[in-house]
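[1] Got a predicted structure plus its sequence, pasted below:
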Amino acid sequence: MRLGVNIDHIATLRQARKGHDPDPIAAALLAEMAGAHGITVHLRGDRRHIQDRDVELLRNAISTRLNIEMAVTEEMGRIGSELAPHQVTLVPERPQELTTEGGLDVPSHAAAVHAFVARMHSAGVLVSLFVDPRPEQVHAAKASGADAIEINTGQYAEATGARAAEELKRIAEIARAAAAEGLEVLAGHGLNYVNVIPIVAITEIVELNIGHSIVSRASLVGMDRAVRDMVALLGR
Ligand code: PXP
């Protein structure tokens, strides 16, 4: 299973002083050296952590895949097609949220998502849609022409006991349905070194995007060790 390391919170720490340290580009290169299969960043409309300069530098510096999370806006459409990363992941964005709160409601934004996917494809960029584990989202994702879905594991990560088991079942069913539709299946949000284990067992999921738990561990033991520990858990 591939690991995409989300380095947004390296930039969060930098923005706390609005200086240069720590540098997300250095973090990305260390993550790659430790075995990450890709680097993910969320270029938010409010630029609260990752900046335009970061995505431009990452585009040229990393040797794995750059995945940029973005909202479906005209500004992001321009950046995605000009920068042409390996992939963009479309996410909903609310200015006051602490982090992405839920999946993109694809059926409600079908026309805009379809047009965005077409624009990215004409620039040679793959498109993944961050969606809640619901059948209608899978069907709408397929209809939009997207290449992949990233299943939102946030509800699973927050749940405990029987609720967590239910959420896990929902994720497994949606992963199977999406793979049967020919979509590549990714997952992420709220995953850590403990709750990731049952997700790794879902064979249709080929990649996880993990940020906060890896950067948190990296702040104590270093990026190399934090990424290696997660890569080891994802080995099937
Ligand atoms: N996937 C998506 C679409 C996200 O928005 C985020 C958070 O930026 C992540 C994965 C990573 O979540 P976490 O930081 O909780 O691992």
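    Arrived safely, thanks for sending. Here the structure is a predicted model, which means the values were calculated and not measured.
[2] Pull the contacting residues for residue 1.
    Neighbouring residues of residue 1 by C-beta atoms under 8 Å, 6 or more residues apart in numbering: 200, 205-208, 234-236. In short, each C-beta sits where N, CA and C put it, glycine included.
[3] May I see these organised as a markdown table, with secondary structure and distance to residue 88 added?
    Below are these laid out as a markdown table (DSSP: H, G, I helix; E, B strand; the rest coil; distance: C-beta to C-beta, whole Å):
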| residue | secondary structure | distance to residue 88 |
| --- | --- | --- |
| 200 | helix | 25 |
| 205 | strand | 19 |
| 206 | strand | 18 |
| 207 | strand | 15 |
| 208 | strand | 18 |
| 234 | helix | 23 |
| 235 | coil | 27 |
| 236 | coil | 27 |
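[4] Among the residues you listed, name the buried ones.
    Buried subset of those (neighbour count, 16 or more other C-beta atoms under 10 Å): 200, 205-208, 234.
[5] Tell me the buried residues in stretch 170-190?
    170-172, 174-175, 177-179, 183-190.
[6] Show the overlap between these and what lies near the ligand.
    Restricting the buried residues of stretch 170-190 to those near the ligand by C-beta under 6 Å from any ligand atom leaves 188-190.
[7] From the ligand, how far off is residue 111?
    Here the distance between residue 111 and the ligand works out to 22 Å (C-beta to the nearest ligand atom, to the nearest Å).
[8] number of nearby residues for that residue?
    8 (other C-beta atoms under 10 Å).
[9] can you pull the pLDDT of it?
    We note a pLDDT of 97 for residue 111 in this prediction.
[10] mind checking which helix or strand it is in?
    Applying DSSP states H and E as the criterion places residue 111 in helix 110-122.
[11] ok, residues contacting that helix?
    So helix 110-122 is contacted by 72, 77, 80-81, 88, 90, 104, 106, 126-127, 129, 140, 143-146 (C-beta under 8 Å, 6+ apart).
[12] Show me what counts as buried in that helix.
    Neighbour-count burial for helix 110-122 [16+ other C-beta under 10 Å]: 113-114, 116-117, 119-120.
[13] same thing with stretch 72-87?
    Those would be 72, 76-77, 79-81, 83, 85-87, for stretch 72-87 by 16+ other C-beta under 10 Å.
[14] Around the ligand, which positions in this structure sit nearby?
    Checking the chain against the ligand by C-beta under 6 Å from any ligand atom, the hits are 6, 8, 42, 69, 89, 91, 99-100, 130, 150, 188-191, 209-213.
[15] picking up where we left off before, considering the buried residues of stretch 170-190, which is situated nearest to residue 220?
    residue 190 (19.3 Å; C-beta to C-beta).
[16] three-state assignment of the closest one?
    coil (DSSP: H, G, I helix; E, B strand; the rest coil).
[17] tell me the contacts of the residue lying closest to it once chain neighbours are set aside?
    Take residue 190 and drop its neighbours on the chain: the residue closest to it by C-beta to C-beta, 6 or more residues apart in numbering is residue 157, 2.8 Å away. Residues counted as contacts of residue 157 (C-beta under 8 Å, 6+ apart) are 189-192, 195.
[18] Could you tell me whether residue 157 really is in a helix?
    Yes: under three-state DSSP, residue 157 falls within a helix.
[19] Please tell me how far it sits from residue 191.
    When distance is defined by C-beta to C-beta, to the nearest Å, residue 157 is 6 Å away from residue 191.
[20] can you check residue 35 too?
    Distance from residue 35 to residue 191, counting by C-beta to C-beta: 17 Å.
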